[in-house]
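Chemist: let me see the structure of the following:
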Amino acid sequence: MKLRLLLLLGFGLFIFACQNEGETSNQTEEDTTQENASSDEAALKEAKLNEEGVKMIPVETPKGTFNVYTRKVGENPDVKVLLLHGGPGCTHELYESIEQYFPEKNYEFYYYDQLGSYYSDQPSDTSLWNIERFVDEVEQVRTALGLNKDNFYLLGQSWGGILAMEYAFRHQENLKGLIISNMMSNVEAYNKYNKEVLAPALPKDVLDTIMYYEDREEYGNETYLSTIEEHYYTRHVLRAPIEEWPDAIVRTFTHLNPEVYVYMQGPSEFGLKGDATLKDWDVSRQLSSITVPTLTVGGTHDTMDPDHMEWMANQIPNSSFLLCPNGSHLSQYDDMDNYWNGIITFIEVVEAGIM
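Modeler: Predicted structure coming up:
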């Protein structure tokens, strides 16, 4: 997910929602609005942390022990799904559409905010933001939740897909099933798809505007941001007008941690560039080492190349591919039925012993 839109969109919509046109005060309207927003946000966070099923898990790191947020929903001895959100630095809230599908199947699932994300501890230390440490964190969370090879499904979307693959390379003996959602196995291929397929499909004047600011690395320019928002995100991130984006997604973006995001993903809206620590990530040759039942998921309109994600399924010995024909990067919202029912079908196949 891209930082600039997320912060501007999330903060702007939240402030708008909290305005009270009839209120008078000696403070400026802006100050009053921001104070109201801050107070309401703190109350919402506190309520979230006290929901039924919440468990804060201590995680050991090279820089000390921190707590990460998890929340259990449902009860099933055979199917327990741990959700890895994207970003890096987003939140579990981007998965809330799952509640329209998994409870009907009596599947057990776990919301989880990775270290640095909103409902977990947020240390300010870039040495913590690396793949190895995040994989170790997932393993500590798995152990604390009592998940094992007889019940443990791992679902990762976007950056969460990177983390899910990396976890499988190291700990697949603990997995019953793996779901890699909306993530390619090679960042260079992702950048190429963006440059050679998605970018040329934009109107020429739109692309010219975007590339003008990209070439100058003016990623915070308001014209650049508004152009990306209007013409790129509503086509390839979530296929709906911004004002119609689900509340769960607005909250996810409002809560994004920019330190984690920029350090690993970089500042550009058009691929991974600059000093982004993930810019050279490529595990394509390792895919064949994954032997657990696996599902790769892509959307026709995704920022990620769906053909590449189908190719990934062909590299993994015990794998299948799910295409969401109406979906973009957040197919769990703009192609909900195909996305969640496809994942349910995969779980049913695994449970039946067919894969």
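
Chemist: please count neighbours and contacts with C-alpha atoms only from this point.
Modeler: Fine.

Chemist: can you pull out the strands in the stretch 51-200 of the chain?
Modeler: Here the stretch 51-200 of the chain has its strands, by DSSP state E, counting those that start in this stretch, at 54-61, 64-73, 80-84, 108-113, 152-157, 177-181.

Chemist: buried deepest among these, which one?
Modeler: The highest mean neighbour count among the strands of the stretch 51-200 of the chain, using mean count of other C-alpha atoms under 10 Å, belongs to strand 177-181: a mean of 28.

Chemist: which residues are contacting that one?
Modeler: Strand 177-181 is contacted from outside by 152-158, 161-162, 164-165, 168, 292-298, 343, 347, 350, using C-alpha atoms under 8 Å, 6 or more residues apart in numbering.

Chemist: again with stretch 124-141
Modeler: With contact meaning C-alpha under 8 Å, 6+ apart, stretch 124-141 is reached by 57, 59-63, 114, 163, 166-167, 171, 259-260, 263-264, 277.

Chemist: may I ask which of these has the most neighbours?
Modeler: Gln114 (28 neighbours; other C-alpha atoms under 10 Å).

Chemist: residue nearest the centroid of this protein?
Modeler: Residue closest to the mean C-alpha point of the chain, counted by C-alpha atoms, centre = their mean, is Gly86 at 2.0 Å.

Chemist: in contact with it, which residues?
Modeler: Met1, Gly156, Gln157, Ser158, Trp159, Gly160, Gly161.

Chemist: distance of it relative to Ser117?
Modeler: Using C-alpha to C-alpha, to the nearest Å, one gets 10 Å for the distance from Gly86 to Ser117.

Chemist: try Arg170
Modeler: 23 Å.

Chemist: who's more crowded, those two?
Modeler: Set side by side, Arg170 and Ser117 show more neighbours around Ser117, with 27 against 14, by other C-alpha under 10 Å.

Chemist: can you pull the contacts of that one?
Modeler: Counting by C-alpha under 8 Å, 6+ apart, Ser117 makes contact with Gly89, Cys90, Thr91, His255, Leu256, Asn257.

Chemist: returning to that earlier point: so which of the strands of the stretch 51-200 of the chain is nearest Asp337?
Modeler: Among the strands of the stretch 51-200 of the chain, strand 177-181 comes nearest to Asp337, with 14.9 Å by C-alpha to C-alpha.

Chemist: could you dump the closest one to PDB, C-alpha only?
Modeler: This file holds the C-alpha atoms of strand 177-181, laid out as PDB (Å, rounded to 0.1, in the frame of the first residue of the first chain):
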ATOM      1  CA  GLY A 177      -1.700 -24.500   4.400                       C
ATOM      2  CA  LEU A 178      -0.300 -21.200   2.900                       C
ATOM      3  CA  ILE A 179      -2.200 -18.400   1.100                       C
ATOM      4  CA  ILE A 180      -0.100 -15.800  -0.800                       C
ATOM      5  CA  SER A 181      -2.400 -12.900  -1.700                       C
END
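
Chemist: what pairs with it, and is each one parallel or antiparallel?
Modeler: Here strand 177-181 has these sheet partners by DSSP bridges: strand 152-157 (parallel), strand 294-299 (parallel).

Chemist: need those in TSV (columns: distance to Leu207 and mean pLDDT).
Modeler: Converted to TSV, the strands paired with strand 177-181 look like this (distance: least, C-alpha to C-alpha, whole Å; pLDDT from 0 to 100):
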stretch	distance to Leu207	mean pLDDT
strand 152-157	27	98
strand 294-299	22	98
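
Chemist: circling back: between the contacts of Ser117, which sits nearest Ile98?
Modeler: Closest approach between those and Ile98, by C-alpha to C-alpha: Thr91, at 14.2 Å.

Chemist: okay, that closest one: pLDDT?
Modeler: If you check Thr91, the pLDDT there is 98.

Chemist: what's it in contact with, if anything?
Modeler: His85, Tyr112, Asp113, Gln114, Ser117, Tyr118, Tyr119, Thr252, His255, Leu256.

Chemist: how about the nearest residue to the second one, chain neighbours excluded?
Modeler: The reference is to Tyr112. Distance criterion C-alpha to C-alpha, 6 or more residues apart in numbering; nearest residue to Tyr112, sequence neighbours excluded, is Thr70 at 4.3 Å.

Chemist: that neighbour touches Lys55, doesn't it?
Modeler: Yes: proximity of Thr70 to Lys55 meets the contact threshold set by C-alpha atoms under 8 Å, at 5.2 Å.

Chemist: tell me where this protein has helices.
Modeler: Using DSSP state H, the helices of the chain run over residues 3-18, 29-49, 102-105, 131-145, 159-171, 187-193, 204-215, 222-228, 234-236, 247-254, 258-265, 306-315, 331-334, 336-351.

Chemist: which of the ones you listed sits most buried?
Modeler: A comparison of the helices of the chain by mean neighbour count, using mean count of other C-alpha under 10 Å, puts helix 331-334 on top with a mean of 25.

Chemist: could you dump it to CSV, C-alpha only?
Modeler: C-alpha atoms of helix 331-334 as CSV (Å, rounded to 0.1, in the frame of the first residue of the first chain):
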residue,chain,number,x,y,z
SER,A,331,-9.6,-7.9,-3.8
GLN,A,332,-11.0,-8.8,-0.4
TYR,A,333,-13.2,-5.7,-0.8
ASP,A,334,-13.8,-5.0,-4.5
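
Chemist: pLDDT of that helix, averaged?
Modeler: Model confidence over helix 331-334, given as mean pLDDT, is 98.

Chemist: which strands and helices sit next to that helix?
Modeler: Under the contact definition 3 or more C-alpha pairs under 8 Å, 6 or more residues apart in numbering; DSSP states H and E, helix 331-334 sits against helix 336-351.
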